[in-house]
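[1] sequence and predicted model, in that order:
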Amino acid sequence: MQKIELEVVALTHSVTSSHNYAVILGEVNGDRKLPVVIGGFEAQAIAVAMEKMIPNRPLTHDLFKNTLDSFGIVLKEVIINNLLDGIFYAQLICWDGNQEIVIDSRTSDSIAMAVRFDCPIFTMESIMQEAGMLLDPEEEKKISIEQKAKKSKKTKTFADYSVDELNEMLAEVLEKEDYERAAKIRDEINKRSSN
């Protein structure tokens with residue numbers, strides 16, 4: 001059973017459902033991509049961790065990580081180990097200092113945990129053969145352009161506010177636990193402070 005290492009390449013709206021997102025996992029030593037459709041909450045949980053945001057109160061995945069940390073359990077790796085009827089299945093491979101512990105997990109939750117623990121994500125060659133895809137250069141370019149467009153919208157959306165106003169807005173959206181908007185505001189603040 002050959003394992004293929006993956007990394008999070010993009011987080012985007014799903015083309016199949018307007019209320020879902022897709023996390024695109026790319027082969028570390030290859031060109032294939034594995035798109036996984038996830039819900040909005042899970043997309044937000046992954047985005048918060050990727051952006052290194054610290055919410056006022058821990059999100060569910062942060063709570064789970066804190067619990068594992070408190071008991072000295074380390075998440076060694078995530079394995080997307082099965083694909084049945086279009087649904088991916090995953091496992092968290094943990095280590096408690098004495099033994100390996102395998103925990104079944106939804107794939108979206110596994111990815112959210114992997115980002116928090118900075119651990120590798122793997123899948124099986126058979127899954128990549130069944131669900132992996134090679135994006136043609138135009139599709140790759142489209143994902144890149146969409147990401148750039150989102151960044152430019154962030155700048156236009158908040159460009160008219162002062163840094164003090166942005167900080168107030170940031171506090172308000174964090175209080176409401178709107179982490180997606182908070183990430184956009186924080187990006188604008190960071191952009192200005194680096195100038």
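    Cool, got the structure.
[2] all strands for the chain, in order.
    3-13, 21-27, 33-38, 74-84, 87-95, 100-106, 121-124 (DSSP state E).
[3] the second one: how far from the chain's middle?
    Think strand 21-27. 9 Å (CA atoms, centre = their mean, to the nearest Å).
[4] which strands and helices sit next to that strand?
    Secondary-structure packing of strand 21-27 (3 or more CB pairs under 8 Å, 6 or more residues apart in numbering; DSSP states H and E): strand 3-13, strand 33-38, helix 40-50, helix 107-117. To be clear about C-beta, it is placed using only N, CA and C from the backbone, and glycine gets the same treatment.
[5] which one of these lies nearest to Leu59?
    helix 40-50 (5.8 Å; CB to CB).
[6] in that closest one, what counts as buried?
    42-49 (16 or more other CB atoms under 10 Å).
[7] could those go into JSON lines alongside distance to Asn190 and pLDDT?
    Shown next, in JSON lines, are the buried residues of helix 40-50 (distance: CB to CB, whole Å; pLDDT from 0 to 100):
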{"residue": "Glu42", "distance to Asn190": "25", "pLDDT": "88"}
{"residue": "Ala43", "distance to Asn190": "21", "pLDDT": "89"}
{"residue": "Gln44", "distance to Asn190": "19", "pLDDT": "88"}
{"residue": "Ala45", "distance to Asn190": "21", "pLDDT": "89"}
{"residue": "Ile46", "distance to Asn190": "20", "pLDDT": "91"}
{"residue": "Ala47", "distance to Asn190": "15", "pLDDT": "89"}
{"residue": "Val48", "distance to Asn190": "15", "pLDDT": "88"}
{"residue": "Ala49", "distance to Asn190": "17", "pLDDT": "89"}
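[8] and those residues, which is closest to Val74?
    Val74 lies nearest to Ala49 out of the buried residues of helix 40-50, by CB to CB, at 16.5 Å.
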